[in-house]
Structures are given as structure tokens and as C-alpha cells.
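*Asks:* Pasting the sequence and the predicted model now:
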Amino acid sequence: MRGEALAPVANRGMITISIMLANIMQGLDNTILNVALPHIQGSLSASQDQIAWALTSYIVCAAIMMPLTGWLAGRFGIKYIFLASVIGFTIASALCGAASSLSELVVFRALQGLAGAGLIPLSQATLLQINPPERHGHAMAVFGTGTILGPIMGPALGGWLTQDYSWRWVFYINLPVGVLCTLGILVFIRPSRNIRREPFDFLGFASLSLAVGALQLMLDRGELKDWFTSVEIWIEAAVAGLGFYLFAVHTATTGERSFLNRELLKSPNFVGGTILMFTVGLIMTGTLALLPTMLQNLMNYPALTTGLVTAPRGLGTMVAMFLVGRLINKVDGRLIILFGFLLTALSMWQMSGFSLQMGMTPIIVSGVLQGFGLGCTFVPLNLIALSTLPRHILTQGTALRSLMRNLGGSIGIAFLVATLTENTQIVHSRLVENLRPDNPLLQAPFLPAPFSLVTPSGLAALNHEVTRQAAMVAYVNDFKLMMLIALLSLPLLLLLREPRRAAPPVAAGAAGAAADD
């Protein structure tokens with residue numbers, strides 16, 4: 001980071017393993033619960049609106065807490081905040097598994113969100129600090145593998161645990177991982193020596209928290225409340241808009257150090273890379289949200305089979321990250337990012353050819369291609385965006401990027417689900433316009449025989465098939481939309497500048513010693 005010295009770090013391998021465990025645990029928890037929600041709903045006698053708060057409470061609290069991670073790490077040191085986050089997340093997971101009512105589960109999920117918000121940015125910042133610049137590519141490849149592995153494993157693992165054991169085990173599975181991670185951090189990570197006792201900008205934090213929390217609530221509950229036909233959504237949108245306005249004005253005009261360090265906004269690499277990471281979050285999270293519902297609802301895949309079919313996406317990502325980790329100092333990172341986005345767009349184009357009659361092969365092939373493409377973007381985007389930042393704002397930079405990736409995922413899911421619902425209704429109405437007794441569709445094998453338009457069972461079967469076809473068209477339209485988003489993001493590469501190659505170790509050490517003097 002701009003010529004700073006890096007003393008040799010003992011136990012770098014054990015620190016990396018501890019960080020990977022924290023990464024996987026947090027990423028796993030983001031997706032594993034989705035599979036178990038119907039079982040939790042029945043077990044706790046909750047309605048769909050009520051059970052949704054088990055997800056909403058986690059998302060909102062994590063979004064509010066994430067920007068605070070950078071200040072806390074600077075004030076108390078990365079080790080102690082990291083340790084508190086892992087311990088808090090593990091205890092909250094145990095409490096979630098033992099919850100006897102919906103209200104308890106929602107509260108404990110909120111605690112999980114507060115504790116887990118810092119795991120990803122703290123992991124990333126720690127890896128960058130314990131590795132010399134020439135190993136940053138490899139470090140980010142390892143970090144990215146842990147980040148992606150959790151969400152990919154989540155659906156399959158959640159389906160297996162829920163089906164063969166109980167929904168409570170989707171939380172209890174975190175306990176052994178959390179204990180090992182805690183021991184690793186406690187034993188192997190050194191306390192920070194450079195503690196920066198910066199004043200806390202309460203107004204900046206409050207306005208940003210209010211804005212992010214309200215926006216996450218709106219995005220998470222918008223589809224359930226039919227968006228802007230609901231007074232609740234209007235209130236949340238107004239609060240989010242006001243919060244972002246106050247935060248922007250305060251950050252631009254405050255004479256003291258603002259909650260968001262303005263040095264971050266002076267780096268074109270950081271700004272451009274963060275916007276591109278927002279797009280990556282949208283595509284990755286949006287696809288992971290759409291595919292399981294399509295496979296289970298339209299093609300009748302069991303939850304476990306759905307997880308196994310989507311798992312090869314993670315294999316493509318891991319292979320890409322390790323390859324890119326070896327190429328990162330030899331090839332212009334922007335070319336690797338360009339290749340990754342083009343490959344992602346190609347995979348979305350393949351997915352736009354999905355049909356109800358296809359087998360598993362197109363799903364697996366497109367998933368591997370998309371995973372490989374996104375894996376190519378992850379490592380160079382992180383390096384280009386973070387390599388020019390001074391070390392004292394590195395943790396805040398990683399926290400802000402994690403927040404933007406999560407917001408990209410939330411906005412992507414909300415937008416894609418809304419367009420999916422709207423397109424399904426539009427296509428359904430167009431399909432039924434041409435249904436007549438002499439239409440060949442009425443002789444299709446899925447209809448009961450003898451069949452008549454006035455037979456209730458025949459009409460129900462016909463409507464069910466028309467709805468399936470309409471939904472498939474809507475899914476295909478969403479895949480095309482994500483392909484366009486990937487292609488339209490490419491001009492942002494013009495904002496990025498390839499960072500200077502790392503200086504030789506001797507020169508870097510001399511520069512760092514001079515800076516310390």
C-alpha cells in the first residue's frame with residue numbers, strides 16, 4: 001500500500017486458514033437459511049410476512065454495522081474487532097438454533113447480522129496486510145475462494161441438513177467452525193501496533209445507517225408489499241432518500257474528519273472498482289436467487305438436487321481465481337476483468353436459451369462459465385481498487401466495497417424478482433388470449449382426457465401449464481437483462497489505472513523504513 005513496509009509475518013498459513021473459515025461461515029449463512037425457511041415457518045407457526053423478518057433483520061443489521069467496521073478496527077485494532085465478530089456470530093448462531101419462537105429468532109438473527117457484518121472486510125484487510133505486494137494476487141484468490149464457496153455450498157448443505165436432521169442444524173453447523181476460527185485468531189493474529197484514535201462522526205454514521213437500513217428494508221419487503229402501492233414502502237423510500245442526502249451533504253461540508261474518509265473518493269481506481277463490484281454483486285446474487293426457484297418451481301427439482309446442479313458454478317470460480325492469482329503480475333488486470341465480464345455475458349446469453357424441456361447439462365455448463373467469468377473479475381478488481389489506498393483507510397475501503405457488493409445483490413434481487421413477477425403476468429395474459437377449443441395446445445399430453453374447456457380439472461391443468469410457460473419466459477428475460485448489465489458495465493474499465501508494480505523487497509523495506517523515520 002503505497003510503499004509501506006511489511007515485516008515478515010509468522011504463521012501466515014494458519015492466519016489464512018482462520019480467515020478462510022470466517023469467510024466460509026459468513027457466506028454459508030447468507031444462503032443456507034433460504035432452503036430451510038418453509039420448515040421454520042411451519043415449526044414456528046409463522047405467516048410468510050412474519051417469517052420474512054428472519055432474513056430482513058439479518059440483512060438490515062449487517063448493512064448498518066458494515067460501514068462502522070472500519071472505524072472500530074482503527075480504534076481498537078483488527079484482531080480484537082475480528083475476534084469479537086467471530087465470537088458474537090458463533091453465539092448468535094447457537095441462539096438462533098435454540099430459538100423457540102419467531103420473535104426470538106428475529107432478535108438472534110439481528111445479533112448475527114451485527115456480529116457478521118465485519119467478517120468479510122476484516123478478512124480482506126488482514127490478508128492484504130500480512131502478505132507482501134507481490135503476493136496480493138494470490139491472497140485475493142484465496143480470499144475470493146472462501147467468499148464464493150459459502151454461498152455455493154449453502155443450498156445443497158441446507159437442503160441436506162433440513163431434510164435429514166432439522167432446520168436448527170443450519171445454525172448449529174456454524175459452531176465448530178466458529179470455535180476453530182476463534183482459536184486461530186486468538187493464537188496467530190498479532191494485535192495492531194498503529195491504533196488511530198480518530199473522533200467518531202456520529203451524524204455521518206447515523207445518517208448513513210438510517211439510509212442503508214431503510215433502503216434494505218424497502219428492497220427486502222417491496223415485493224411482499226407490492227412496492228409503491230404500500231404506505232410502508234413509501235415511508236422507507238423517503239427515509240432512505242433523506243438519509244443519503246444528509247450523509248452526502250454532511251460528508252462534503254464537514255470541516256472535521258467525516259465518517260466516510262474523503263481520501264477514498266479521491267481514488268478513481270477505488271470508485272470505479274467499487275461500482276464494478278456493485279455490478280458483480282448484482283449478477284452473482286441475482287443468479288443465485290433466480291436459479292433455485294426456477295429449478296424447484298418449474299422443473300420440480302428437489303432442494304438437494306438443485307444445490308448439486310448449481311454447485312459447479314463454485315468450481316469454475318475457484319479455478320479462475322487460482323489461475324488469475326498466477327497471472328495478476330504478468331497481465332494487465334483490466335484485460336482480465338474485461339475477459340471475465342465478457343465470459344459472464346456469454347453465460348447469461350446461454351441461460352437466455354433455457355427451456356422447460358432441457359436437461360441438467362445446459363445449467364451446469366452455463367454455471368461453470370459464469371463462475372469462471374466472475375472469478376476472473378474478483379481478484380484484479382480488489383487489487384486495482386485497494387492497492388493505491390493508504391493502510392490507515394484500507395479497512396474502511398474493504399468495508400465500503402463489501403457494503404456496495406451487498407447492496408448490489410439486494411437491489412439486483414429486488415429488481416429481478418419484480419420484473420419476473422410482472423413479465424410472468426404479461427406473458428400469461430398474452431398466451432391465454434389465443435387459447436380456443438380448436439387450438440392444438442388443448443390436445444397436449446399434460447391435459448386430462450376426456451378434456452373440455454368447461455371441465456374444472458382441465459381448466460386448472462391448462463392454467464398451470466400456461467403459468468409455467470409464462471414464468472419460463474420471464475426467467476429468460478431476466479437472464480437477458482443481466483447479460484445487458486454486464487456489457488453496459490464495461491465502459492467503467494476506462495476509469496481504472498493499472499497500479500504500479502511492487503518494488504523489490506529490499507527497496508520496499510528501505511522505503512518503509514524511511515517512512516517510519
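*Replies:* Yep, it's here. Just so you know, these numbers come straight off a predicted model, no measurement behind them.

*Asks:* Test for you: state the pLDDT assigned to Val107.
*Replies:* On pLDDT, Val107 comes in at 90.

*Asks:* which residues does it contact?
*Replies:* Each residue near Val107 by Cβ atoms under 8 Å, 6 or more residues apart in numbering is listed here: Ser57. Glycine gets a C-beta too; all of them are placed from N, C-alpha and C.

*Asks:* Does it lie in a helix or a strand, and which?
*Replies:* helix 102-116 (DSSP states H and E).

*Asks:* Val331 now?
*Replies:* Following DSSP H and E, one finds Val331 outside all helices and strands.

*Asks:* So what does it look like in phi/psi?
*Replies:* Per-residue torsions, Val331: phi -120, psi 140 (degrees, to the nearest 10).

*Asks:* what number of residues lie near it?
*Replies:* Close neighbours of Val331, defined as other Cβ atoms under 10 Å, add up to 14.

*Asks:* likewise Gln357?
*Replies:* Neighbours of Gln357 under the rule other Cβ under 10 Å: 7.

*Asks:* Likewise for Gln469?
*Replies:* Number of residues near Gln469 (other Cβ under 10 Å) recorded here: 18.

*Asks:* swap in Leu420?
*Replies:* Leu420 has 21 neighbouring residues, counting by other Cβ under 10 Å.

*Asks:* pLDDT averaged over whichever helix or strand comes after the helix holding Val107, what's the number?
*Replies:* Going down the chain from helix 102-116, the next helix or strand is helix 119-130, by DSSP H and E. Helix 119-130 comes out with an average pLDDT of 80.

*Asks:* by contact count, what packs against helix 119-130?
*Replies:* Applying 3 or more Cβ pairs under 8 Å, 6 or more residues apart in numbering; DSSP states H and E, one finds that helix 119-130 contacts helix 12-43, helix 53-76, helix 78-98, helix 136-164, helix 361-386, helix 394-433.

*Asks:* which residues sit against the next helix or strand after the fourth one?
*Replies:* Right, the one you point to is helix 136-164. Next in sequence after helix 136-164, counting helices and strands by DSSP H and E, comes helix 169-172. Here helix 169-172 makes contact (Cβ under 8 Å, 6+ apart) with 32-33, 35-36, 93-94, 96-97, 157-158, 161-162.

*Asks:* any chance of those residues in JSON lines, with neighbour count too?
*Replies:* Compiled in JSON lines, those are given as follows (neighbours: other Cβ atoms under 10 Å):
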{"residue": "Ile32", "neighbour count": "26"}
{"residue": "Leu33", "neighbour count": "22"}
{"residue": "Val35", "neighbour count": "26"}
{"residue": "Ala36", "neighbour count": "23"}
{"residue": "Ser93", "neighbour count": "26"}
{"residue": "Ala94", "neighbour count": "15"}
{"residue": "Cys96", "neighbour count": "26"}
{"residue": "Gly97", "neighbour count": "19"}
{"residue": "Leu157", "neighbour count": "21"}
{"residue": "Gly158", "neighbour count": "27"}
{"residue": "Leu161", "neighbour count": "20"}
{"residue": "Thr162", "neighbour count": "23"}
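
*Asks:* Report the two of the residues you listed separated the most.
*Replies:* Val35 and Ala94 (19.9 Å; Cβ to Cβ).

*Asks:* deepest of the helices and strands packed on helix 119-130, which one?
*Replies:* Ranked by mean neighbour count under mean count of other Cβ atoms under 10 Å, these are led by helix 361-386, which reaches a mean of 24.

*Asks:* Distance from the chain centre to that one, please.
*Replies:* Counting by Cα atoms, centre = their mean, to the nearest Å, helix 361-386 is centred 13 Å from the centre of its parent chain.

*Asks:* ok and it relative to helix 394-433, angle-wise?
*Replies:* If you take axes from the mean of the first three to the mean of the last three Cα atoms, to 10 degrees, helix 361-386 sits at 150 degrees to helix 394-433.

*Asks:* what helices or strands is helix 361-386 leaning on?
*Replies:* Checking 3+ Cβ pairs under 8 Å, 6+ apart, helix 361-386 ends up next to helix 119-130, helix 136-164, helix 268-297, helix 303-310, helix 312-327, helix 333-351, helix 394-433.

*Asks:* Make CSV out of those and add distance to Leu490.
*Replies:* Shown next, in CSV, are the helices and strands packed on helix 361-386 (distance: least, Cβ to Cβ, whole Å):
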stretch, distance to Leu490
helix 119-130, 25
helix 136-164, 21
helix 268-297, 9
helix 303-310, 26
helix 312-327, 18
helix 333-351, 6
helix 394-433, 16
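
*Asks:* The ones you listed: which one's closest to Gly241?
*Replies:* Closest approach to Gly241 among the helices and strands packed on helix 361-386 is made by helix 394-433 (14.5 Å; Cβ to Cβ).

*Asks:* I figured Gly375 hits Met140, correct?
*Replies:* No - here Gly375 does not reach Met140: they are 10.9 Å apart, not a contact under Cβ atoms under 8 Å.

*Asks:* Show me whatever sits in contact with both of the two.
*Replies:* Residues touching both Gly375 and Met140 (Cβ under 8 Å, 6+ apart): Met321.

*Asks:* Could you report the distance from the nearest residue to Thr279 once chain neighbours are set aside to Ala248?
*Replies:* Leaving aside its sequence neighbours, Thr279 sits nearest to Ser489 (Cβ to Cβ, 6 or more residues apart in numbering; 4.5 Å). Applying Cβ to Cβ, to the nearest Å, the value for Ser489 to Ala248 is 23 Å.

*Asks:* So for these two, which residue has more residues nearby?
*Replies:* Neighbours were tallied for Ser489 and for Ala248 using other Cβ under 10 Å; the higher tally belongs to Ser489 (21 against 14).

*Asks:* Isn't that one up against Leu276?
*Replies:* Yes - Ser489 is in contact with Leu276 according to Cβ under 8 Å; the separation is 6.1 Å.

*Asks:* what residues are up against the residue at minimal distance from the centre of the chain?
*Replies:* By Cα atoms, centre = their mean, the mean C-alpha position of the chain lies nearest to Asn406, the distance being 4.9 Å. When contacts are counted by Cβ under 8 Å, 6+ apart, Asn406 touches 59, 62-63, 66, 281.

*Asks:* re earlier: next, the angle helix 12-43 makes with the helix holding Val107.
*Replies:* On the basis of the same axes, to 10 degrees, helix 102-116 is oriented at 160 degrees to helix 12-43.

*Asks:* any idea how far helix 102-116 is from the chain center?
*Replies:* Mean C-alpha position of helix 102-116 versus that of the full chain (Cα atoms, centre = their mean) differs by 19 Å.
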